[in-house]
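Novice: Fold the stuff below for me.
(2 chains)
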There are 2 protein chains.
Amino acid sequence: MPDARRFTSLVSALPASVPFVAPEALERRRGERLELRLGANESTFGPSPRALAAMRTELERASWYGDPESFELRSALSLHLGVPMEHMVIGSGIDDLLGLVVRTFLEPGSCAVTSQGAYPTFNYHVAGYGGHLETVPYRDDRNDVEALLDAARRHDARLIYLANPDNPTGSWHDPAAISALLDALPEQALLLLDEAYVEFAPTPLPFDPEDPRLVRLRTFSKAYGMAGARIGYAVATQRTIAAFDKVRLHFGVNRVAQAGALSALADRAFLEGVLEEVTWGREEYARLAASLGLTTLASATNFVAFDLGTPERARSVADGLLARRVFVRTSGGASLNRLVRVTVGTPAERRRFGHAFQSVLS
Amino acid sequence: MPDARRFTSLVSALPASVPFVAPEALERRRGERLELRLGANESTFGPSPRALAAMRTELERASWYGDPESFELRSALSLHLGVPMEHMVIGSGIDDLLGLVVRTFLEPGSCAVTSQGAYPTFNYHVAGYGGHLETVPYRDDRNDVEALLDAARRHDARLIYLANPDNPTGSWHDPAAISALLDALPEQALLLLDEAYVEFAPTPLPFDPEDPRLVRLRTFSKAYGMAGARIGYAVATQRTIAAFDKVRLHFGVNRVAQAGALSALADRAFLEGVLEEVTWGREEYARLAASLGLTTLASATNFVAFDLGTPERARSVADGLLARRVFVRTSGGASLNRLVRVTVGTPAERRRFGHAFQSVLS
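Specialist: Next up, the predicted model:
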């Protein structure tokens, strides 16, 4: 049937694309279950037992919509971060919030800047909202702040995306570097600071909720082990939060996740335990690499990038791991495609990964 | 600090608005808990025990992202509806999917048509994506299909929104009426058929997944009692689903909801029990109204609209109920604002509502 109904010109012009192929899709393709799921930086330490208990209890109210203001969670975050709750909005994870920031700040046709090979979901949203993306190469496997700024100036960019700590390299810029970046930011540009992995890193930039130059995104998906619950938050000026409130999905966040996040935040001891274990695991991965004549990149996250030297070898190692039912990721970025990114799992998972990795390399 | 960073012209021009004030916000304003939550058509019968058990189990994998393709759920829905899974997409409830349809089909500046006083979240998304909204009055407390079509023709509308069964009236158009609407649809217009309450209604229009003239939205929030889990689906042509896949939030649906929906769908007996109870409850509400000299509108949903005669009386009754800690809703629509909409609760809740209602009216 010929069809006169038209998609918007923007949607019509977009290519089909997905930000990531999920491990479930790999399982369906291969017709077998994965044994080790270390490719999406999900926390294999899981949520805090207190968060799990809170979510179990909240299931009894699963027939009720969540509070669209996430009032209790924002109150708790306010105390936790020392930021008034009017400076926060809760979303269904950072992916959701990335879309919200792009939609709010990126006039169709205008430019956003990111590093080549950085988090693809930002790029997906830029395309999806009709923006134009400029990329700059990584430099020494780190985001090149000067190059980002330079590109922003040249292209009159409205948005600069920076993940800090970075994904997929695991690298980290200290607060002084972020401050310097903010001070050098072109007047029309907003820094979109993706802090998905911030809990694993050294002390971050202090919050200045009145600073209009940046929006900071955080999540319960990584250190808090709640990726499947889909909950994260943005911190920005009140003016920016009010703009988000004009267009965001008010009833999008699920009630069980709200309760879980609230309890996760209160369980400091569990979080500390995860962070400690991840620190050990990163060191273990570095030793594993060294024992095989390889290097790893220094990481301020819950994953480690193994340097395989060439894209071909990285690809072949990732494929070999998949054949052994171990899911990891390679990077698409030009200078990063020699890296294989592996989530730091539990001690047992690290042991199993070590065996599979050795077997693939030998 | 003066700020050169600009929101998009679209966001700048939007007024601050929220589709709904939530019951939690009412509780905070009043400083006390609500006793009866009958204003959001949440199912007080809750999710099926099998769905609850599945969600409890799935919490053990809360650290894993959900499958972005929702493959298992779409497979089950495919069997359930007799529609190939390539014709479906899963979203975080109908609110999310409404945004997706508007974003995909409504060119900024072009027109969408709805009834005056119909579901406000559709209007919210039309504004949020830069569309222009035309409304037509209800006629005899039902959507006026002829008027919707006429407005669509006059304004070259791209989208016609129709909730069937309707919210907030509870009215229902039978399959023949929907077929006739489709046949009379202007060539450039898509029918967005919101079937949130379809399980409570008589047999709906059969699915024709190849029909490009409509997108149908359904949810686990109402009859399945899972509003807090945030999960729903759209059925459309493969071409339309492929367009949605270009822009939708691929990792937006939470894993626990996916597992719950899958089990909810399999528990036919529980659903039948809810539908039976709701039928009784609707009759009970009609008798309650009659005993107080009032009428109700016929309902094919899990709520009943009580006709209070005037907007003033409807407002004052809703306020009186709230003072008794009973949450219901009035409608904003010009011809509908004499109605008070009350969710059909459990027998105990209906009894308590009856007492509060009588007390307010006397």
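Novice: I'd say A:Met85 and A:Leu73 touch.
Specialist: No - shown here, A:Met85 and A:Leu73 do not form a contact pair, counting by Cβ atoms under 8 Å, at 9.1 Å. All C-beta atoms are positioned from the backbone trio N, CA, C, and that covers glycine.
Novice: Compare neighbour counts for those two and give me the winner.
Specialist: A direct count of neighbours by other Cβ atoms under 10 Å in any protein chain shown for A:Met85 and A:Leu73 places A:Leu73 higher, at 26 against 19.
Novice: after the host helix or strand of the more buried one, next one along is what?
Specialist: Under the criterion DSSP states H and E, the helix or strand holding A:Leu73 is helix A:71-81. Tracing the chain past helix A:71-81, the next element assigned as helix or strand by DSSP H and E is strand A:88-91.
Novice: who does that next one pair up with?
Specialist: Paired strands of strand A:88-91, with direction, are strand A:232-235 (antiparallel) (DSSP bridges).
Novice: tell me the contacts of the closest residue to A:Leu185 other than its chain neighbours?
Specialist: Closest residue to A:Leu185 in three dimensions, ignoring its sequence neighbours and counting by Cβ to Cβ, 6 or more residues apart in numbering or on different chains: A:Arg213, at 5.5 Å. The neighbours of A:Arg213, taking Cβ atoms under 8 Å, 6 or more residues apart in numbering or on different chains as the test, are A:182, A:185, A:190-191, B:5.
Novice: Go again with 7 Å.
Specialist: With contacts defined as Cβ atoms under 7 Å, 6 or more residues apart in numbering or on different chains, the neighbours of A:Arg213 are A:182, A:185, A:190-191.
Novice: so which residue of the stretch 101-250 of chain A comes closest to chain B?
Specialist: When distances are taken as Cβ to the nearest Cβ, the stretch 101-250 of chain A reaches nearest to chain B at A:Gly228, 3.3 Å away.
Novice: How about A:Ala318, nearest residue that isn't a chain neighbour?
Specialist: When the adjacent residues along the chain are set aside, A:Ala318 lies closest to A:Thr330, with 4.9 Å between them (Cβ to Cβ, 6+ apart).
Novice: Report the rounded mean pLDDT for the lengthiest helix in chain A.
Specialist: Ranked by number of residues, the top helix in chain A under DSSP state H is helix A:268-291. Regarding helix A:268-291, the rounded mean pLDDT is 98.
Novice: Partner strands of the helix or strand following that helix, with direction?
Specialist: Per DSSP H and E, the first helix or strand lying C-terminal to helix A:268-291 is strand A:295-296. Within its sheet, and counting by DSSP bridges, strand A:295-296 is paired with strand A:303-307 (antiparallel).
Novice: Identify the residues contacting the partner strand?
Specialist: Counting contacts by Cβ under 7 Å, 6+ apart, the residues touching strand A:303-307 from outside are A:41, A:168-170, A:282, A:285, A:289, A:294-297, A:338-344.
Novice: pLDDT on that strand, on average?
Specialist: Averaged across strand A:303-307, the pLDDT comes to 98.
Novice: now do stretch A:125-136
Specialist: The pLDDT scores in stretch A:125-136 average 98.
Novice: buried sites along that stretch?
Specialist: Within stretch A:125-136, the residues that count as buried by 16 or more other Cβ atoms under 10 Å in any protein chain shown are A:125-136.
Novice: Also near chain B: which of those, exactly?
Specialist: The residues of the buried residues of stretch A:125-136 that also fall near chain B, by Cβ under 7 Å from any Cβ of the partner chain, are A:Gly128.
Novice: now, which of the buried residues of stretch A:125-136 lie within helices?
Specialist: Assignment to helices by DSSP H places the following of the buried residues of stretch A:125-136 there: A:125-128.
Novice: how about the strands of the stretch 51-200 of chain A, start to end?
Specialist: Using DSSP state E, counting those that start in this stretch, the strands of the stretch 51-200 of chain A run over residues A:88-91, A:111-115, A:132-136, A:159-163, A:190-194.
Novice: Out of those, flag the one nearest A:Leu249.
Specialist: Set against A:Leu249 and scored by Cβ to Cβ, these come closest in strand A:88-91, at 8.2 Å.
Novice: what sits up against that closest one?
Specialist: Against strand A:88-91 from outside (Cβ under 7 Å, 6+ apart): A:70, A:73-74, A:77, A:97, A:100, A:231-235, A:241, A:244-245, A:248, A:253.
Novice: Excluding chain neighbours, what is closest to A:Ala62?
Specialist: On the basis of Cβ to Cβ, 6+ apart, the spatially nearest residue to A:Ala62 that is not a chain neighbour turns out to be B:Gly228, at 4.6 Å.
Novice: Mind pulling up the pLDDT for the one you found?
Specialist: Predicted confidence (pLDDT) at B:Gly228: the value is 98.
Novice: Using PDB, write out every CA atom in stretch A:49-64.
Specialist: What follows is stretch A:49-64, C-alpha atoms only, in PDB (Å, rounded to 0.1, in the frame of the first residue of the first chain):
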ATOM      1  CA  PRO A  49      21.500  -5.400  49.700                       C
ATOM      2  CA  ARG A  50      19.600  -2.500  51.200                       C
ATOM      3  CA  ALA A  51      18.700  -1.200  47.800                       C
ATOM      4  CA  LEU A  52      17.600  -4.700  46.800                       C
ATOM      5  CA  ALA A  53      15.400  -5.000  49.900                       C
ATOM      6  CA  ALA A  54      13.900  -1.500  49.200                       C
ATOM      7  CA  MET A  55      13.100  -2.500  45.600                       C
ATOM      8  CA  ARG A  56      11.500  -5.800  46.700                       C
ATOM      9  CA  THR A  57       9.300  -3.800  49.100                       C
ATOM     10  CA  GLU A  58       8.400  -1.200  46.500                       C
ATOM     11  CA  LEU A  59       7.200  -3.900  44.200                       C
ATOM     12  CA  GLU A  60       4.200  -4.000  46.400                       C
ATOM     13  CA  ARG A  61       3.400  -0.500  45.000                       C
ATOM     14  CA  ALA A  62       4.200  -1.400  41.400                       C
ATOM     15  CA  SER A  63       0.700  -0.500  40.400                       C
ATOM     16  CA  TRP A  64       1.300   3.200  41.400                       C
END
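Novice: wait, isn't A:Arg158 in contact with A:Arg103?
Specialist: No - under the criterion of Cβ atoms under 7 Å, A:Arg158 is not in contact with A:Arg103, lying 11.9 Å apart.
Novice: And stretch A:200-209, how far out from the chain middle?
Specialist: Distance, stretch centre to chain centre, for stretch A:200-209: 16 Å (Cα atoms, centre = their mean, to the nearest Å).
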